[in-house]
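Q: Generate coordinates for the sequence data below:
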Amino acid sequence: MSESSSEPKPKETKPQQPPQPQQQQLQQVSQTKIKLPKEPEHEDNWSYTLLEDSSVRPNVYEAFVNLQKISRDFNTYLAPPEILVIGQSGHGKTSLIEALTGTPLCNGPTKRVTYFHLLNNPNHPQPKCTIRRDELNKDDQELPLSLLPNYLEQRQAQNTADVIHVVIEYANQWSVVLIDTPPISTGAEDSNTQLVKKLAASDRTIVSISQTKNWEEEKMTDFVKTIDPELNRTIFVYTHFYSWLEGKSGTYKKINAFLNQTSVECPSFFLTLSHAEAKDKVTGEAFKKNLHTRFEKDTQALTDLHFDKDKYKHKIGLYAFRAHLLRLTRFKYQQKFPNILRDLIAKVAVVKKNEVHIRNQCNSFSKNLRPLASSYATNFLLSVANLITGTTEGNTFQNGQTLEEEKDELGAEGEWVVYENNVFKVPLAKIPSHLHKIYGGQQFERLLFEFKYVLENTEISSVTSDDVAIAFGNQYGNLPWAAVNLARQKAKDAFTQAIEQVCFRATHIITRLGKIAETMMDEKSKQSAQKLKSDGILYDIENMEQYPNFRFHVKYLFGEYVKIIAEKCLEKCMEEFYSASALYWDITENSTALVDANLLDPVSDPKKIVSDLASLLFKELRKHIIKNTILRMYNFFLYPIQERLRIEVMEKVNSLSDKELNEYFEADATTQRYHLYISQLSTEIQKANAHETNIKDFSSTFSNAI
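A: Okay, here's the model as predicted:
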């Protein structure tokens, strides 16, 4: 079997129009071919590991660090490649990871998925080891690398399925993530097998570990095909190689045939690792020397069997596997470098676009203040008008109110009062839409229903002799006059505070629309900002969320006009209580209550006649007041707000002087702030231009790592 490092040929494309300079630059970057670096010699590099690799020139690590810094400047992350190590129990998953890092990592079996994050950090000339907190361990644990095996063994024994994260930071290493997994079963679908399949679902590189056997006994290939059907991201590693070689005899053709007959056409390696009892006793250079001794035994056994060294040496031993893994991970990084450059070019384009946009807005800001103010006020008042007539834009769930919520918000001020501070408790169930969350015109109409219910269920208070005597005034003996005067006074006592309350509540209902309208406009502003952002514009001097003083002023003008209209409406409603003479002539001409002769019988008790007649007149007067008050609430409150609000408020907004507009918009501070943005964007452009050169230089250095 031979490894292929050739690259796919680019797909043919149809002729296109000549691209713009920026597009052409992006196309050149995206079409840049990545050349796989030459595989280094590995036989004499027995002291090199992923954790300590002096075969790599120091400036390569420096280039890698600088590329990471540049990627962070674009708010991106140069994610390290992830290597998922899978296999059956006792076949050497953890031992392989330890061999790659050059140090023992864990005593005992792997029961929990363990991520070994090998991170390049120039600030740590010696390895720094940290185990991240998990479900049962609430704090990160920093410890010497020599203590990691025992500590990790304790973590593995804990009763939790939470993942273990071990971070090893060091100056002289690639950034790569090695993932150790619990042993799988190639037969039954157990929980570990399901877990491994889930972990392999991404584009991670898979390293399949299995004990060296005759090919007809090998089981891992079929399993791996269930998670990587094309086997294009899998490396096969066959351990216990020396044990298999022992006792082999025969011609060199048989051993060469075995090595040639790998089960699949993808990278495959044969090696022998340290036994558990051996690695417990050695660390550091002795540990790596032990691995090298096993490599020498493998190669010597193969030499004795006369294997074809020139053809198969790239398959034999830890160093061949390590070299391939370094080559692969470096290649994965190299594939990302054109993306960094492409992102840089795209970012420069966005920054330049924003710089031009902001500069143009700043230059015209002062002369655009008046149109900006007029546009905002107009849209605000249109939103209020829509909320009154009916719209779902106000978010009824968030801003609507049930009758109970409305009353709770007002507290004691929301209570109905009749007859000198007597609170009238309204059964909420009697009022239409009492459970509905509504606002605006619908809430106003519900209020009028409530007002009507209060008045219809308020009767005339008891009539005393003093009430009758006062009602006669200077027309003693005129029973109708006394009854009319008495009914008028009782109605006034009963309904004055209720009428004041309906005007107060109506003012509250309409005034709160200002806040809802503001919320609606903020939502539209966010949508507009999102659209600009999708076009690459991140700064907008015309976004009204930046100008709370002017927004407050518009809302204040709206609230003041509503209060003025409410006061005028209240005056009109109070006209319902006629003077006694006007009411007398109106009732004597139109009321049927005076037709009953028994009520005017001179023999009857005058007090009783006046009292009974006043009760009848009170009811008629109550109907009259309910009808006319509701009409006046429409004609002198709601109608002027709908018809005159925009005119009155816009007249005040348009009459603002240039000085007042500058103060409300804080024009000087705003332009100064945006000029600072321009300066920052110019600096970003200069920095990006420098980065473009650096990316090319660092990428070149990285590509020639060894």
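
Q: CA only for contacts and neighbour counts going forward, please
A: OK.

Q: Just say helix, strand or coil for Ile537.
A: Assigned by DSSP: H, G, I helix; E, B strand; the rest coil, the conformation of Ile537 is coil.

Q: Test my guess that it contacts Glu355.
A: No - between Ile537 and Glu355 no contact is recorded; they are 9.3 Å apart, counting by Cα atoms under 8 Å.

Q: For Thr114, which non-adjacent residue is spatially closest?
A: Nearest residue to Thr114 in three dimensions, chain neighbours excluded: Ile164, at 4.6 Å (Cα to Cα, 6 or more residues apart in numbering).

Q: For that neighbour, grab the count of nearby residues.
A: 21 (other Cα atoms under 10 Å).

Q: if we can go back for a sec, more neighbours, Ile537 and Glu355?
A: Neighbours were counted for Ile537 and for Glu355 using other Cα under 10 Å; Glu355 has more, 24 against 19.

Q: my guess is the more buried one meets Ile678, correct?
A: Yes - contact criterion Cα under 8 Å: Glu355 and Ile678 qualify, at 5.7 Å.

Q: following the helix or strand where Leu344 lies, which helix or strand shows up next?
A: Leu344 belongs to helix 318-389 when assigned by DSSP states H and E. Downstream of helix 318-389, the first helix or strand assigned by DSSP H and E is helix 396-399.

Q: if you average pLDDT over that following helix, what comes out?
A: Helix 396-399 shows a mean pLDDT of 91.

Q: and what of stretch 182-195?
A: Regarding stretch 182-195, the rounded mean pLDDT is 85.

Q: likewise stretch 155-164?
A: Mean pLDDT, stretch 155-164: 89.

Q: Now do the buried residues in that stretch.
A: Arg155, Gln156, Val163, Ile164 (16 or more other Cα atoms under 10 Å).

Q: same thing with stretch 493-502?
A: Judged by neighbour count using 16+ other Cα under 10 Å, the buried positions of stretch 493-502 are Asp493, Ala494, Phe495, Thr496, Gln497, Ala498, Ile499, Glu500, Gln501, Val502.

Q: hey, C-alpha coordinates of it in PDB?
A: The C-alpha coordinates for stretch 493-502 follow below in PDB (Å, rounded to 0.1, in the frame of the first residue of the first chain):
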ATOM      1  CA  ASP A 493     -72.200  64.400  43.800                       C
ATOM      2  CA  ALA A 494     -72.400  60.800  42.500                       C
ATOM      3  CA  PHE A 495     -70.700  61.200  39.100                       C
ATOM      4  CA  THR A 496     -68.100  64.000  39.300                       C
ATOM      5  CA  GLN A 497     -65.300  61.900  40.500                       C
ATOM      6  CA  ALA A 498     -66.100  59.100  38.100                       C
ATOM      7  CA  ILE A 499     -66.000  61.500  35.200                       C
ATOM      8  CA  GLU A 500     -62.600  62.800  36.400                       C
ATOM      9  CA  GLN A 501     -61.500  59.200  36.700                       C
ATOM     10  CA  VAL A 502     -62.400  58.300  33.200                       C
END
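
Q: how far out from the middle of the chain is that stretch?
A: Chain-centre distance of stretch 493-502: 50 Å, with Cα atoms, centre = their mean, to the nearest Å.

Q: I'd like the mean pLDDT over it, please.
A: Rounded mean pLDDT across stretch 493-502 is 93.

Q: Give me the number of neighbouring residues for Ala201.
A: Ala201, neighbours per other Cα under 10 Å, totals 10.

Q: where exactly do the helices run in the stretch 501-650 of the chain?
A: Secondary structure of the stretch 501-650 of the chain by DSSP state H, counting those that start in this stretch: the helices cover 513-534, 548-574, 580-590, 606-633, 639-654.

Q: so what secondary structure elements neighbour the first one?
A: Packing partners of helix 513-534 (3 or more Cα pairs under 8 Å, 6 or more residues apart in numbering; DSSP states H and E): helix 318-389, helix 548-574.

Q: likewise the fourth one?
A: Packed against helix 606-633, as judged by 3+ Cα pairs under 8 Å, 6+ apart, are the following elements: helix 440-456, helix 465-472, helix 479-511, helix 548-574.

Q: Give the buried residues for that helix.
A: Judged by neighbour count using 16+ other Cα under 10 Å, the buried positions of helix 606-633 are 606-607, 609-611, 613-622, 625-626, 628-630, 632-633.

Q: Quick one: residues contacting the residue nearest to Gln211 when sequence neighbours are not counted.
A: Excluding the flanking residues, the one nearest Gln211 by Cα to Cα, 6+ apart is Thr239, at 4.8 Å. When the contact criterion is Cα atoms under 8 Å, 6 or more residues apart in numbering, the partners of Thr239 are His91, Gly92, Ile209, Ser210, Gln211, Thr212, Phe270, Leu271, Thr272, Leu273.

Q: Now Thr239: phi and psi?
A: Main-chain torsions, Thr239, degrees, to the nearest 10: phi -100, psi -180.

Q: mind starting the numbering at 709 from now?
A: I'll keep to 709 as the first residue from here, and by that count the last item is Thr947.

Q: so how far is Asp1201 from it?
A: 102 Å (Cα to Cα, to the nearest Å).

Q: Now do the strands in the stretch 909-1058 of the chain.
A: With DSSP state E, counting those that start in this stretch as the criterion, the stretch 909-1058 of the chain has strands at 913-919, 942-947, 976-978.

Q: out of the ones you listed, nearest to Asn1068?
A: With Cα to Cα as the measure, strand 913-919 is the member of these nearest Asn1068 (50.2 Å).

Q: Which of the helices and strands packed on helix 1221-1242 sits closest to Pro1348?
A: Closest to Pro1348 of these, according to Cα to Cα: helix 1256-1282, at 7.4 Å.

Q: low pLDDT regions in the stretch 709-858 of the chain?
A: For the stretch 709-858 of the chain, applying pLDDT under 70 flags the ranges 709-767, 782-784.

Q: what's the answer for the stretch 859-1008 of the chain, then?
A: For the stretch 859-1008 of the chain, the stretches flagged by pLDDT under 70 are 957-959, 970-973, 983-991.

Q: Would you mind putting the buried residues of stretch 1201-1210 into JSON lines with distance to Glu1121 alongside?
A: Rendered in JSON lines, the data for the buried residues of stretch 1201-1210 read as follows (distance: Cα to Cα, whole Å):
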{"residue": "Asp1201", "distance to Glu1121": "19"}
{"residue": "Ala1202", "distance to Glu1121": "18"}
{"residue": "Phe1203", "distance to Glu1121": "16"}
{"residue": "Thr1204", "distance to Glu1121": "15"}
{"residue": "Gln1205", "distance to Glu1121": "12"}
{"residue": "Ala1206", "distance to Glu1121": "12"}
{"residue": "Ile1207", "distance to Glu1121": "13"}
{"residue": "Glu1208", "distance to Glu1121": "11"}
{"residue": "Gln1209", "distance to Glu1121": "8"}
{"residue": "Val1210", "distance to Glu1121": "11"}
